[in-house]
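following is a predicted model, sequence given first.
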Amino acid sequence: MEIGLGLAIAGASFAAFLAACGSAWGIAVAAEAAGGVLTEDPDKFGRLLVMIALPGTQGFYGFLGAFYIMMKINLLGGGIPVSLNAGLQLFFAGLPVGVAGLVSGYYQGRASAAGIFLVAKRPEETGKAIILPAMVETYAVLGLLATILLVSGIKV
Amino acid sequence: MPVVPMQKVALRGHRQIKSSLLNHLSRIGILELSPLSIGAPRKAEEAELEMEQAELRSAIEFLEAASGRKKGFIESFAPDKEPVTEEFLLQSVKEFDWKGIVKSVRDIEGQLPNLVNLEARLTSEIDHLAPWQELGIKLEELNCERQVCVFPGAVKTKDRDEVKHKLLRFSSFVEFSEVSEARDKTYFLLYYLSAEEKPLTDLLLKTQVEKIVLPAAPRTPAREIEHLKKLRSEAQNEREKLLKEAQALLKYLPQLNRAYDHLSILIQLGRAEEKIADTEHAFWLTGWIPKKKLAQLKSGLAKLSPLTEVQPISPAEGETPPTLIENPPVFYPFEIITRIFGLPRQNEIDPTAPLSFFYLFFFALCLSDVGYGVILALVSYYLLKKLTLTEGGKKIILLLFWGGVATVLVGILTGGYFGLDLNTLPPAVGNPLKSLQIIDPIKNPLNVLIFSLACGVIQNLFGVSLGMYWKIKSREYVSAVLDYGLWIYFLSCLVGLLVAGALKSPAYGLLSWLSIIGAVLLVITQGRSEPTILKKAIFGLLSLYKTTGYLGDTLSYSRLLALMMTTSIIGMVVNIIAMLTKDSIPILGYVIMLLVLVIGHAFNLIVSVLGAFIHAARLQLVEFFGKFYEGGGREFRPLRRETKYILIK
């Protein structure tokens, strides 16, 4: 019983912290680029803030995945007994959003940085610059979807 | 839906009226001048105007920085512009000595860096002298001029004893006197006979002693520091005085802004003049104008002077008209989505109206919370009323307003109210709301997923249909039927097959035959433009691979479910955390709870709106446009008065 619960919690924590690391990494990459641009033109702060925030969604997706697992085992309401099998299942179900969030967060940060340089030179093209990193985010969304569907399919 | 048809025109007139005509054209803003190879050369005055404008800009930027006012988040997207009339603008520029103000600003700007440098230099000199503060000897006496040399030096405190020992052993005429100790260094004076300088210097080189060069001032170090501090505070006062002067000039900022835009207009008119050819008495220009505005141009010119003439001409070979898109007010804000991708070419469809409904619906699905929708709509309505916006800014905020309204409607159906669980509400409120709810995305993610994918199927098929419609309109019937019609048929069969399979319907067998027929037809027709039979067959077969592209496009709509859940679950989590804080501390707990609720929901709202805006746009640009739209049109840029700080009424 205890191990099952531990595994489920491990799944939730992997989902949350891997994706959060990805976001932190991606935001740092984008913020470094933005810092350089801001030395030249501080007025672009508002536009660049949006670009910096874009790789931040992975962290939320990871948190969401973790929360979904917590709801499944009613952790906040005292917890229900989780069998070893179910715990293992929940652990693996947590991985898609975590790992996809980690990797896509970093790469979305790089795409954001590229968009930030685009905005630096052609501020009128902010729309296009915002769409580029959103291409990367698709796969974090798919990871989240996989986690949600897996978790909702598991019988505890 | 088609783009606005354009007409190329030639305009002739007497040279007398050239400048008044240009003024008139820039005011009505409906004619785009085409560059001429025989246009007038650039004038010297124009370079001068540009110089003056650059000076004005640097003065404005300096004053803006001196004011210390930060631009707001919204302002950086949609700067607020001052509305003025033309007469007021001319009056204001004429009566105001902006050149004088620019000169005073430049003077201040020129002196500031010197003062800042001076202050930095004095500070570093003071720091340099600080360890010697206790020394009672005048600085100019630390030299080698008499028989005894005085050598100021520093050594790491940990090496001090060793060095001292070495030096004292060297000669009995050496004296080592410690002055102070600071930051793991010991500062000292070394006295020795000048006759022994050479060997002592050699010895010093082998130790870790660092020679300190002090200014040869006729004062003790403490006095010298005092002196330098006085100089520094003088420099500081001077700098503050200059900054105050700059502050006093701040009140002229609006006038400077107006002068700046006045010059911009003059420069734009000067550039337009380069696109006009002159003869001795007449001038001649060509340009593009929306066909329906031709009459307006003609009547306007007739009123201006009888000495002009406008004539429609046909464009040169290979010359493409610029693109202008025009939409009724309902669709107008959605033009920004089209613009992100690029404007249509002259012979293409304007996708703004077709995408608008889908965009709004998807935006609302992603947000799907009544509370957030209401806040978004109210905030954007407020901004719309309060700010004087440029066209782009107005479009974005209008879009957000409609997005908020749509979100309220969708939110009622999904039962989203600030992430609250409807079961926990009092039954009098909760029950009617629950009866309006048709689906709960958190309890039934699978149903919402299927719904999202269905949205994808519908929009993809709609996109292909639009492509077909446009081919028919441009009379390319073969392509319409084979490249679009056939795919619509084949994809519908596949969707039918999936549905029938899931429902175990008896139509499954029939649909699978219909699908096979579709596939065969595609294999036969899709390679038709290839030269050899073999290539035709191969390309025909490969075309079936496009099906996976359609499949991928459809799956991409699953993001609607993910974003919908992100909004509602994060809202829920905010509520849960707020409830936990409520009971943590008596009374104060309620305050914290309120803070958590306000900040948490505001944060979720911003993140979710950003996500909804971007992902709803992406579905249009990538999945929807991919079916029928290429873009790449050049924007229609009529001669008009483009300004940075003011809006001319």
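Noted; the coordinates are in hand.

for the rest of this, base every contact and every neighbour count on C-alpha atoms.
OK.

lowest-pLDDT helix or strand in the chain?
Since no chain was named, I'll use chain A. Using mean pLDDT, DSSP states H and E, helix A:45-53 stands out as the lowest-scoring helix or strand of chain A, at a mean of 82.

that's the wrong chain, I meant chain B
For chain B, judged by mean pLDDT, DSSP H and E, that is helix B:73-77, with a mean of 58.

mean confidence score for the helix or strand just after that helix?
Per DSSP states H and E, the first helix or strand lying C-terminal to helix B:73-77 is strand B:82-84. Average pLDDT, strand B:82-84: 82.

and for stretch B:276-290?
89.

start to end distance for it?
20 Å (CA to CA, to the nearest Å).

list of residues touching it?
Outside stretch B:276-290, the residues that touch it by CA atoms under 8 Å, 6 or more residues apart in numbering or on different chains are B:4-16, B:18, B:30-36, B:38-40, B:275, B:321-322, B:324.

just the buried ones among these, please.
Using 16 or more other CA atoms under 10 Å in any protein chain shown as the burial test, the contacts of stretch B:276-290 include B:4-15, B:18, B:30-34, B:39-40, B:275, B:321-322, B:324 as buried.

what does the stretch 251-400 of chain B have sitting close to chain A?
B:Ile340, B:Phe341 (CA under 8 Å from any CA of the partner chain).

give me the pLDDT value at the residue in the stretch 251-400 of chain B positioned nearest to chain A.
Going by CA to the nearest CA, chain A is nearest to B:Ile340 of the stretch 251-400 of chain B, at 5.2 Å. B:Ile340 carries a pLDDT value of 85.

same for the helix or strand where it lies, what does it pack against?
According to DSSP H and E, B:Ile340 maps onto helix B:335-341. The contact analysis (3 or more CA pairs under 8 Å, 6 or more residues apart in numbering or on different chains; DSSP states H and E) places helix B:335-341 against helix A:126-153, helix B:352-367, helix B:391-414.

which parts of the shortest one are buried?
Right, helix B:352-367. Applying 16+ other CA under 10 Å to helix B:352-367 flags B:352-356, B:358-367 as buried.

the last one now?
Buried residues in helix B:391-414, counted by 16+ other CA under 10 Å: B:393-414.

tell me the angle of that helix relative to helix B:352-367?
50 degrees (axes from the mean of the first three to the mean of the last three CA atoms, to 10 degrees).

read off the pLDDT value for the spatially most distant residue from the centre of chain B.
What lies farthest from the middle of chain B is B:Ser172; by CA atoms, centre = their mean that is 74.6 Å. For B:Ser172, the pLDDT comes out at 74.

distance check, it against B:Tyr192.
Distance from B:Ser172 to B:Tyr192, by CA to CA: 9 Å.

again with B:Glu630
88 Å.

same drill for those two, tell me which one is more crowded.
Shown here are B:Glu630 and B:Tyr192; by other CA atoms under 10 Å in any protein chain shown, B:Tyr192 has more neighbours (22 against 15).

just give the closest residue to that one, not the sequence neighbours.
Distance criterion CA to CA, 6 or more residues apart in numbering or on different chains; nearest residue to B:Tyr192, sequence neighbours excluded, is B:Val174 at 4.6 Å.

tally of neighbours for that neighbour?
B:Val174: 19 neighbours (other CA under 10 Å).

surely it is in contact with B:Ala195?
No. Checked against CA atoms under 8 Å, the pair B:Val174 and B:Ala195 is beyond contact range at 11.7 Å.

just the angle for the helix or strand where B:Val574 lies relative to helix A:126-153, thanks.
Using DSSP H and E, B:Val574 sits in helix B:559-582. Here the directions of helix B:559-582 and helix A:126-153 differ by 70 degrees (the same axes, to 10 degrees).

chain center to helix B:559-582: distance?
Distance, stretch centre to chain centre, for helix B:559-582: 29 Å (CA atoms, centre = their mean, to the nearest Å).

for stretch A:8-19, same thing?
With CA atoms, centre = their mean as the basis, the mean position of stretch A:8-19 lies at 12 Å from the chain mean.

so where's the stretch 151-300 of chain B uncertain?
The model of the stretch 151-300 of chain B has no residue with pLDDT under 70.

how about the stretch 301-450 of chain B?
Looking at the stretch 301-450 of chain B by pLDDT under 70, you get an empty list.

name the SS class of the residue lying closest to B:Phe362 once chain neighbours are set aside, please.
Using CA to CA, 6+ apart and skipping residues adjacent in sequence, the residue nearest B:Phe362 is B:Ala616, 5.5 Å away. Following DSSP: H, G, I helix; E, B strand; the rest coil, we place B:Ala616 in the helix state.

thought B:Leu367 was touching B:Ala616, still the case?
No. Applying CA under 8 Å as the test, B:Ala616 and B:Leu367 come out as separate, 10.5 Å apart.

quick one: residues contacting B:Arg169.
Applying CA under 8 Å, 6+ apart, no residues qualify as near B:Arg169.

separation between the residue of chain A lying at maximal distance from its centre and chain B?
For chain A, the largest distance from the centre (CA atoms, centre = their mean) belongs to A:Glu40, which lies 30.7 Å off. Separation of A:Glu40 from chain B (CA to the nearest CA, to the nearest Å) stands at 13 Å.

dihedrals phi and psi, that residue?
phi -80, psi -40 (degrees, to the nearest 10).

show me the contacts for residue 133.
Looking at chain A here, since you left the chain open. A:Leu54, A:Pro55, A:Gln108, A:Gly109, A:Ala111, A:Ser112, A:Gly115.

I was after chain B.
Counting by CA under 8 Å, 6+ apart, B:Gln133 has contacts B:Pro221, B:Ala222, B:Ile225.

rewinding a little: include distance to B:Arg528 when you put the helices and strands packed on helix B:335-341 into CSV, please.
Output for the helices and strands packed on helix B:335-341, formatted as CSV (distance: least, CA to CA, whole Å):
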stretch, distance to B:Arg528
helix A:126-153, 34
helix B:352-367, 31
helix B:391-414, 44
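
packing partners of whichever strand or helix holds A:Phe63?
A:Phe63 belongs to helix A:57-72 when assigned by DSSP H and E. Applying 3+ CA pairs under 8 Å, 6+ apart, one finds that helix A:57-72 contacts helix A:2-40, helix A:84-121, helix A:126-153, helix B:559-582.

so how far is it off the chain centroid?
9 Å.

what residues of that helix count as buried?
Buried-residue list, helix A:57-72, by 16+ other CA under 10 Å: A:57-70, A:72.

next up, the contacts around residue 139.
Let's take chain A. Contacts of A:Tyr139 by CA under 8 Å, 6+ apart are A:Ala100, A:Ser104.

my bad, the chain I had in mind was chain B
Going by CA under 8 Å, 6+ apart, B:Leu139 touches B:Leu214, B:Pro215, B:Ala216, B:Ala217, B:Pro218, B:Arg219, B:Thr220, B:Pro221.

look up the closest residue to the last one, ignoring the ones flanking it.
To tie it back to what came earlier, the one meant is B:Pro221. B:Gln133 (5.3 Å).
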